[in-house]
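Engineer: Give me a 3D structure for the following:
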Amino acid sequence: MNTDAFTGKANDYATSRPSYPEDAIDYIRSLVSADAVFADIGAGTGKFTELIAHCGYKVFAVEPNDDMRTQLSVTMEPFSNAIIINSTAEATKLPDHSVDVITCAQALGWFDLSDFQIECLRIGKLGATVFSLYNSTPGDNYIPGSHRLSSRRAAESFFKNPIIRKFSNPIFYTRERWISHNASISDSLQTSDDGYKTHSDEISQIFDLNNIDGFLRVEMETTVHSESIERTFKNDENDIVPGLWDESYANGEYERLFKAAGAKNGEDGKHCIGAICGYYESGDDSFPYIICALKKPGSDTTGFHTANIPKFTWAVFRSGVSEHMGTEIINMYNRAHSEWLPSSGYDKASGPDMEVYYDAPGSGYFQEVWIPVTKKEND
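Structural biologist: Numbers count the residues shown, from 1 in each chain. Below you'll find the model as predicted:
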């Protein structure tokens, strides 16, 4: 993360940069719980941070630049629910699995995206959501040869299957604010730089040619990308997966998913919560795993990741009655792959494995592993 790009620009940034529309904030709030803990990464002068803090959420504001962080302290001074941290996006200093929501407003393009993704996995709780939001004019603000990605290109690179929403955010500039806004841009010329006078005259000319009654209107748009964090595991970390179920019970994510699914235990004998493993390629030595619900009419998918499962021929393996979900799954997977597949006349198809749970009569659960298969060509 470039930590020096905005040195000397904090005052102009705070006074002239646009904020974010109320509709965008309401949308983000609709996707998180009322007691969610936020980590706002690359918080800058607090343009977005103060809007979240004003809603009552606890928020950690992470900002590495000294000038920006000084202004951030001024912005956030009224909010006792905000904690400012001097650190980077790639090494936030936050505790493991400590936040429900990770946000970056106008900042994602400055991050090392691979390292930031690793940090999100470390600090996010189970079911945590990452938001990127940015203001832009129509089109792309990428400059060839620039030292950073545009916010749009960074979001396209970072997210796999995000929910994307756009909100109108027109901005009205006075001459003073227009000049200050341009001075706040990371690579704008400083007063001591060669060519500053010519550059300043050009900025003023744009205002003179386009203002109406002393105001220059710029049709900005706020774009919000959001996606839940998906954990991947090494192939030798199967024993960690049952802990995800315990964590989902403890932090309320299981109950939230159950309610959003719009189903009830015992419908057609099937429990509405299951799991999908390996639903996309994450590397030869790793696999993704999500606790999920079958989408049906009436399900509320807001704030959840959705995955489409193609049609396959499935080999289904069922356990006896168990007191808890997930206790027999690893053994069933291992036996299916090591004992059944080699002599079955079938190969594993390129597709996800699924876990399906059924309510047993009286109490407990049946557990099933579904493995996509294809018949061997020579059989």
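Engineer: quick one: what helix or strand has residue 368 in it?
Structural biologist: Using DSSP states H and E, the secondary-structure element containing residue 368 is strand 365-375.
Engineer: Buried residues in that strand, which are they?
Structural biologist: 365-373 (16 or more other C-beta atoms under 10 Å). Where C-beta positions appear, they are placed from N, C-alpha and C, glycine not excepted.
Engineer: which of the residues you listed has the weakest pLDDT?
Structural biologist: The lowest pLDDT within the buried residues of strand 365-375 belongs to residue 365, with 80.
Engineer: is it true that that one touches residue 358?
Structural biologist: Yes: applying C-beta atoms under 8 Å, one finds residue 365 in contact with residue 358, separated by 6.5 Å.
Engineer: Can you give me the distance of the residue positioned nearest the centre of the chain to residue 41?
Structural biologist: Central residue of the chain (C-alpha atoms, centre = their mean): residue 130, 2.1 Å from the mean position. Relative to residue 41, residue 130 is positioned 9 Å away (criterion: C-beta to C-beta, to the nearest Å).
Engineer: Where does residue 56 sit: helix, strand or coil?
Structural biologist: Remark: residue 56 carries the secondary structure label coil [criterion: DSSP: H, G, I helix; E, B strand; the rest coil].
Engineer: Count the residues that sit near the nearest residue to it once chain neighbours are set aside.
Structural biologist: Nearest in space to residue 56, with sequence neighbours left out and distances taken as C-beta to C-beta, 6 or more residues apart in numbering, is residue 81 at 6.7 Å. Neighbour count for residue 81, taken as other C-beta atoms under 10 Å: 15.
Engineer: ditto for residue 364
Structural biologist: 15.
Engineer: Could you do residue 244 as well?
Structural biologist: 19.
Engineer: Can you name the element that comes right after the helix or strand where it lies?
Structural biologist: Under the assignment given by DSSP H and E, the secondary-structure element containing residue 244 is helix 241-250. Toward the C-terminus, helix 241-250 is succeeded by helix 253-261 as the next helix or strand (DSSP H and E).
Engineer: can you give me the angle that following helix makes with helix 241-250?
Structural biologist: Relative orientation of helix 253-261 and helix 241-250, computed by axes from the mean of the first three to the mean of the last three C-alpha atoms, to 10 degrees: 70 degrees.
Engineer: Give me the contacts around helix 253-261.
Structural biologist: Contact partners of helix 253-261, identified using C-beta atoms under 8 Å, 6 or more residues apart in numbering, comprise 33, 126-127, 245, 247-249, 272-273, 291-296, 299-302, 304.
Engineer: For residue 61, see how far away the spatially closest residue to residue 290 that is not a sequence neighbour is.
Structural biologist: The shortest distance from residue 290 to any residue other than its chain neighbours is 5.6 Å, reached at residue 276 (C-beta to C-beta, 6+ apart). Spatial separation of residue 276 from residue 61 under the definition C-beta to C-beta is 35 Å.
Engineer: quick one: which of those two has more around it?
Structural biologist: Set side by side, residue 276 and residue 61 show unequal neighbour counts under other C-beta under 10 Å, the larger going to residue 61 at 28 against 18.
Engineer: what bridges to the more buried one?
Structural biologist: Under the criterion DSSP bridges, residue 61 forms beta bridges with residue 40, residue 84.
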